[in-house]
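Peer 1: Fold the following.
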Amino acid sequence: MTKLKLGVLGSGKGSNFVAIQDSILRGELEAEIKVVISDHATAGILERAKAYGIPARALPPSQFKTKLEPEIELELVRLLKSYEVEWVILAGYMRVVKKPLLEAYPHRILNIHPSLLPAFKGLEAWKQALLAGVSEAGCTVHEVNEGVDEGEILGQMRVPVEKGDSAESLHARIQKAEHLLFTEILVKISKNNLRINS
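Peer 2: The predicted structure follows:
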């Protein structure tokens, strides 16, 4: 079994981060979250990290909404390396990852997306699912590459769309599935039961 050294990137409240950290504290996942980094200085994920005693860092402000300037992404890489991070976990991180991070952590960046990829890539996938009238939605953990939600799929969890579902109710159930799936995939990696390209 391998103890995973994780760096978590998030832009929002950090519920997936909490699920992963709690699984570590319960002894279910052999890992350590070395640092939590956000692209927003006021993001809730940073306060949650501090509550666990985990280093929490904010990146400098970016002029872009969907990506970082190369120099800021280089600073992100420097931060991750300074905390000896080996795996990068995107937990609600709302930026497209670019070359500096991809080259620093090849096949070591994982993301969770709220759909059954390859369906409904991009933002607010649960709303896309409702508009499409599908009978089931779900979530996917995938390796991150230069495409948007295009990396190798490592695992999925299905969530039925129920009669009368709103975007909010469906999203809430998908998030519960996300919390289970992300931890499940990380446990498999730590136990060497799931191999990804390296």
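
Peer 1: Low-confidence ranges, this structure, go.
Peer 2: 195, 197-198 (pLDDT under 70).

Peer 1: Which residue ranges of it form helices?
Peer 2: For the chain, applying DSSP state H gives helices covering 15-25, 44-51, 70-82, 99-104, 125-132, 167-190.

Peer 1: Now distance to residue 158 and mean neighbour count too, for the ones you listed, in TSV please.
Peer 2: Where C-beta positions appear, they are placed from N, C-alpha and C, glycine not excepted. Rendered in TSV, the data for the helices of the chain read as follows (distance: least, Cβ to Cβ, whole Å; neighbours: other Cβ atoms under 10 Å):
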stretch	distance to residue 158	mean neighbour count
helix 15-25	18	20
helix 44-51	27	18
helix 70-82	32	16
helix 99-104	29	16
helix 125-132	11	19
helix 167-190	8	18
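
Peer 1: Figure out which of these is closest to residue 149.
Peer 2: Each of the helices of the chain has some distance to residue 149 by Cβ to Cβ; the shortest is helix 125-132, at 8.4 Å.

Peer 1: how big is the angle separating that closest one from helix 167-190?
Peer 2: In this structure, helix 125-132 runs at an angle of 130 degrees to helix 167-190, with axes from the mean of the first three to the mean of the last three Cα atoms, to 10 degrees as the basis.

Peer 1: got the contact list for helix 125-132?
Peer 2: Under the criterion Cβ atoms under 8 Å, 6 or more residues apart in numbering, residues 113-115, 119-120, 122, 137, 161, 165, 167, 170-171, 174 lie in contact with helix 125-132.
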